[in-house]
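**Student:** quick one, structure for this:
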Amino acid sequence: RPGYPPLKRISEVFDCWFESGSMPYAQAHYPFENKKEFEDSFPADFIAEGIDQTRGWFYTLLVISTALFNRPPFKNLIVNGLVLAEDGTKMSKRLKNYPDPMDVVNKYGADAVRLFLINSPVVKAENLRFREDGVQAILKDVFLPWYNAFRFLLQNIERYEREEGAEFLWSESSYGGSDNVMDKWIISFTQSLLEFVAKEMAAYRLYTVIPRLVKFIDNLTNWYVRMNRKRLKGEGGATDCKSALDSLFSVVMTMVRIMAPFTPFLTEMMYQKLKKKVPSFSGPEFKSVHYLMLPTARKDLIHEDIERAVARMQSVVDLGRVLRDRKTMPIKYPLPEVVIIHKDATCLADLKSLENYILEELNVKALTLSGDKAAYGVTLRAEPDHKTLGLRLKGAFKAVMAEIKTLSDDTLTKFLDGGDLEVQGHKLGHGDIRIMYSFAGEKAAELSSKYEADSCGDILVMLDITPDPGMIEEGIAREVVNRVQKFRKSAGLKVSDEVTMHYEVVPGDHSLTTIIVKHLDYIQTSSKTPLRMKSTDTLSIITKTEKFEVKGAKLELNISPGFPEDYAGSGASTSQNSGSNDNSSGQLPVLDWVNVELIGTKPSRHLNGSTRGGILLTGDLNQWTPERLQSSVQDIFGLYGVKLDLYYKADKSQKVENVKFLKNNTIYAMKANSSGDSKAQRKSSFNCKFVNIAQGSGKTTSLLLENPVGCPLQNVQEALKSLKIGSLYSEDAKKTKVNVAQLNSMAGLTLYA
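**Tutor:** Model prediction:
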């Protein structure tokens, strides 16, 4: 280097690897300083590096530590494997044989990349061939189901608060308080998981922890949430719904906390939303999920018997699904019976306790439990595993294979019970043979045509696959429900949108027509959609049409807005005037709103007995005090000076004292001496006719056309002026002008100013 002295090697450096091997002592300047501090912290709890350091850093650390202290320098050694390109070669910048890491992070998220890596062979000191589709699979199979369960929880908390008029709050005291067996199971499973994670992480076994966490997400989403959807939606009553929501909230919050070190960004987002429902999480120490310690297991909430019973139930359900798939029998089609055979009475008792879940999950009519497989003519036979035994036995394989096929039922039963199996001097294990089930005896042919059988461990499941005309009809009715739900989804409808579907079957004499009529109540209840036969009267109101294939017939479905008057699920109030002129568009105002139902009191005479109205909640919701609401209700029904009490429930069980639950809800107005109405039902759509108006620059408002129902407003023109709206048009291009007289026929639509 011109102008600088020549570079010289420092003579004290012996070797760079021995320098790194001296790290524990050099970093503390031992033995010249910090002697006590070093001795208190040596050896290290753990060190971590790649497998390529086996002959490098790991070696020199051990050599120096052994020479100085005759002991290892660490208590635990965490070794990671190497991340290779997808083809197994070393990653190379020159060859560009791997995707850009930041592109992968930006596409799938940092959490997905983290979980993919720590749930891979790398954490077991094995090599990983990095594949981008592996990261995508984590997103699809883990994150999306987990996020959907989280979102489903928040949606139903919001629904519960709206319908019950009470805020949902969670506390540790509500953890595990439910008597429902599935609630107890998921809580117990969560606590067992916490116990397992604490034990394994203390032993630095990360490779056993992540698979269990991923499995837990599967249990949460594909078992608990799916099997308790109706409870979580409130279909079993408010008390049962609260228990289910408490249980799910407890589990999701625990899951967020325990997954935080592995997926820090997703869990932080979830935590910030969940902690709003936990009053005790209000201090600065609860600002972030990463400020919290990992939760510890509560042994009082662990029920090993329930976990065992549900695990057995899951095995039975999985086997039943395999049997259905084998015979190409969709779950939509009910079957007569499932027979479960197990010699242990405790196992049969476990399954009996969960009978309803098994029947529902497999869609069968009856469950039969037995400890005697001989009563059903079931015998065991064995088949050799050609690949395993062929490699091991070589020339002796043929003779052993022949004898395996002749093994008796008794011999195989004893083997499954834990006994030894020896064939021609060769000891065989469970991986060497496959146990098969077959029917024997006089009724073998009859039984084999009636039942399809399979086993998992020592549980044998036999599914009665005998076709039954009535059950086939039920299955076809489920197919119709499926098509209705698919059409609702493709049409972009929400659950709250009130529409009617009109159907037509081609050819008209196909059995599908009879099945729809016969199972109409089931179809409507399951799809929450009224179904009516298409007629010439409905052609003018049809907005969307789609055609489906169902069992050889063409099923045409058509959507029209609103519920028919004879539909029991319409949610119309049982108050004096059902209001045939109400808003039936199925659309909602862009402004927040609240429906008002007058109960036990007549409105002013000029309103023709109309007892249903609505309020557009303009401005800040907090400005709508109970007093302001009461004044608005008096104005709507012309009951000036009449004292009206407002309730969220028509049975007077929940008074309107907090406007937090007002938005898009229904309130009931009545005098203090009124007895209320326990039969009144809440509507999910807005009572009154209205139009939405797009004013440009992204600003949109709503304009009432009547209030109460059936009573047109006389000051619409003045209302438009107050909104500083001159002319209205039917389309964004503003070619077709709309006058005030036309507004009533355009109720529910969006117009343009």
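**Student:** helices of the stretch 651-753 of the chain, start to end?
**Tutor:** Taking DSSP state H, counting those that start in this stretch, the helices of the stretch 651-753 of the chain run over residues 716-722.
**Student:** where do the strands sit along it?
**Tutor:** For the stretch 651-753 of the chain, the strands defined by DSSP state E, counting those that start in this stretch occupy 665-670, 690-696, 699-704, 728-729, 737-738, 750-752.
**Student:** which residues does the third one contact?
**Tutor:** Right, strand 699-704. 589-591, 593, 614, 616, 688-695, 713, 716, 719-720, 723, 743, 750 (C-beta atoms under 8 Å, 6 or more residues apart in numbering). Using the backbone N, CA and C atoms, a C-beta is placed for each residue, glycine as well.
**Student:** filter the residues you listed down to the buried ones, ChimeraX style.
**Tutor:** ChimeraX command restricting those to the buried ones, with burial defined by 16 or more other C-beta atoms under 10 Å:
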select :589,590,591,593,614,616,688,689,690,691,692,693,694,713,716,720,743,750
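**Student:** about what we covered before: need the strands of the stretch 651-753 of the chain in JSON lines with distance to Pro31 and mean pLDDT, can you?
**Tutor:** Output for the strands of the stretch 651-753 of the chain, formatted as JSON lines (distance: least, C-beta to C-beta, whole Å; pLDDT from 0 to 100):
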{"stretch": "strand 665-670", "distance to Pro31": "74", "mean pLDDT": "91"}
{"stretch": "strand 690-696", "distance to Pro31": "79", "mean pLDDT": "87"}
{"stretch": "strand 699-704", "distance to Pro31": "75", "mean pLDDT": "90"}
{"stretch": "strand 728-729", "distance to Pro31": "88", "mean pLDDT": "88"}
{"stretch": "strand 737-738", "distance to Pro31": "92", "mean pLDDT": "86"}
{"stretch": "strand 750-752", "distance to Pro31": "81", "mean pLDDT": "87"}
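**Student:** list the contacts for Trp624?
**Tutor:** Leu617, Val659, Leu662 are the contacts of Trp624 under C-beta under 8 Å, 6+ apart.
**Student:** what about 6 Å?
**Tutor:** Leu617, Val659 (C-beta atoms under 6 Å, 6 or more residues apart in numbering).
**Student:** and Ile302, how many neighbours does it have?
**Tutor:** Ile302 sits with 19 neighbouring residues when counted by other C-beta atoms under 10 Å.
**Student:** same question for Val209.
**Tutor:** Neighbour count for Val209, taken as other C-beta under 10 Å: 23.
**Student:** how close does it get to Ala202?
**Tutor:** 11 Å (C-beta to C-beta, to the nearest Å).
**Student:** quote the end-to-end distance of stretch 297-306.
**Tutor:** 17 Å (C-alpha to C-alpha, to the nearest Å).
**Student:** chain center to that stretch: distance?
**Tutor:** 24 Å (C-alpha atoms, centre = their mean, to the nearest Å).
**Student:** go on, stretch 225-234?
**Tutor:** 10 Å.
**Student:** what about it, how long is it end to end?
**Tutor:** End residues of stretch 225-234 are separated by 13 Å (C-alpha to C-alpha).
**Student:** any buried residues in it, and which?
**Tutor:** Applying 16+ other C-beta under 10 Å to stretch 225-234 flags Val225, Met227, Asn228, Arg231, Leu232, Lys233, Gly234 as buried.
**Student:** out of those residues, which are inside helices?
**Tutor:** The subset of these located in helices under the criterion DSSP state H comprises Met227, Arg231, Leu232.
**Student:** what's near enough to touch the last one?
**Tutor:** If I follow you right, that is Leu232. Counted by C-beta under 6 Å, 6+ apart, Leu232 has contacts Asn156, Ala244.
**Student:** measure it to Tyr160 for me?
**Tutor:** For Leu232, the distance to Tyr160 equals 9 Å [C-beta to C-beta].
**Student:** what's the closest non-adjacent residue to Ser730?
**Tutor:** In space, Ser730 comes closest to Thr736 once its chain neighbours are excluded; the distance is 4.5 Å by C-beta to C-beta, 6 or more residues apart in numbering.
**Student:** I'd say that neighbour and Ser727 touch.
**Tutor:** No - under the criterion of C-beta atoms under 6 Å, Thr736 is not in contact with Ser727, lying 10.9 Å apart.
**Student:** picking that back up, quick check: the residue nearest to Ser730 vs Thr750, distance?
**Tutor:** 14 Å.
**Student:** show me where the stretch 351-500 of the chain has helices.
**Tutor:** Using DSSP H, counting those that start in this stretch, helices in the stretch 351-500 of the chain cover 355-362, 386-393, 397-404, 409-416, 444-450, 469-490.
**Student:** and those helices, which one's lowest on average pLDDT?
**Tutor:** For those, mean pLDDT drops lowest on helix 444-450, to a mean of 77.
**Student:** tell me which of the ones in helices among the buried residues of stretch 225-234 is nearest to Gly3?
**Tutor:** Leu232 (77.3 Å; C-beta to C-beta).
**Student:** can you tell me the element Ala149 falls in?
**Tutor:** Applying DSSP states H and E as the criterion places Ala149 in helix 144-164.
**Student:** so what does that helix touch, helix or strand wise?
**Tutor:** For helix 144-164, the packing partners by 3 or more C-beta pairs under 6 Å, 6 or more residues apart in numbering; DSSP states H and E come out as helix 238-259.
**Student:** ok, residues contacting the helix it packs on?
**Tutor:** Taking C-beta under 6 Å, 6+ apart as the rule, helix 238-259 contacts 150, 153, 164, 170, 174-175, 178, 183, 186, 190, 228, 231-232, 234, 267, 270-271, 274, 292, 294-295.
**Student:** for the residue nearest the centre of the chain, what are its contacts?
**Tutor:** With distances taken as C-alpha atoms, centre = their mean, the residue of the chain nearest its centroid is Ala149 (3.3 Å). Contacts for Ala149 (C-beta under 6 Å, 6+ apart) come out as Leu220, Thr221, Val225.
**Student:** pick out whichever of those sits closest to Glu285.
**Tutor:** For the contacts of Ala149, the nearest to Glu285 is Leu220 (27.5 Å; C-beta to C-beta).
**Student:** nearest spatial neighbour of the closest one, skipping sequence neighbours?
**Tutor:** Setting aside the residues directly before and after it, Leu220 is nearest to Ala149 in space (C-beta to C-beta, 6+ apart), at 5.8 Å.
**Student:** for that neighbour, give its distance to Arg226.
**Tutor:** Relative to Arg226, and taking C-beta to C-beta, Ala149 is found at 10 Å.
**Student:** also Lys352?
**Tutor:** Taking C-beta to C-beta, one finds Lys352 at 22 Å from Arg226.
**Student:** ok, now Asn482?
**Tutor:** In terms of C-beta to C-beta, Asn482 sits 16 Å off from Arg226.
**Student:** what ranges do the helices span in the stretch 1-150 of the chain?
**Tutor:** So, for the stretch 1-150 of the chain - with DSSP H, counting those that start in this stretch - the helices run 16-21, 23-26, 35-41, 57-69, 101-108, 110-118, 132-138, 144-164.
**Student:** list the buried residues in the longest one.
**Tutor:** Read that as helix 144-164. For helix 144-164, by 16+ other C-beta under 10 Å, it's 145-146, 149-150, 152-154, 156-157, 159-164.
**Student:** including distance to Thr700 and pLDDT, could the contacts of Ala149 go into TSV?
**Tutor:** Listed next are the contacts of Ala149 as TSV, based on distance: C-beta to C-beta, whole Å; pLDDT from 0 to 100:
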residue	distance to Thr700	pLDDT
Leu220	39	93
Thr221	36	91
Val225	35	93
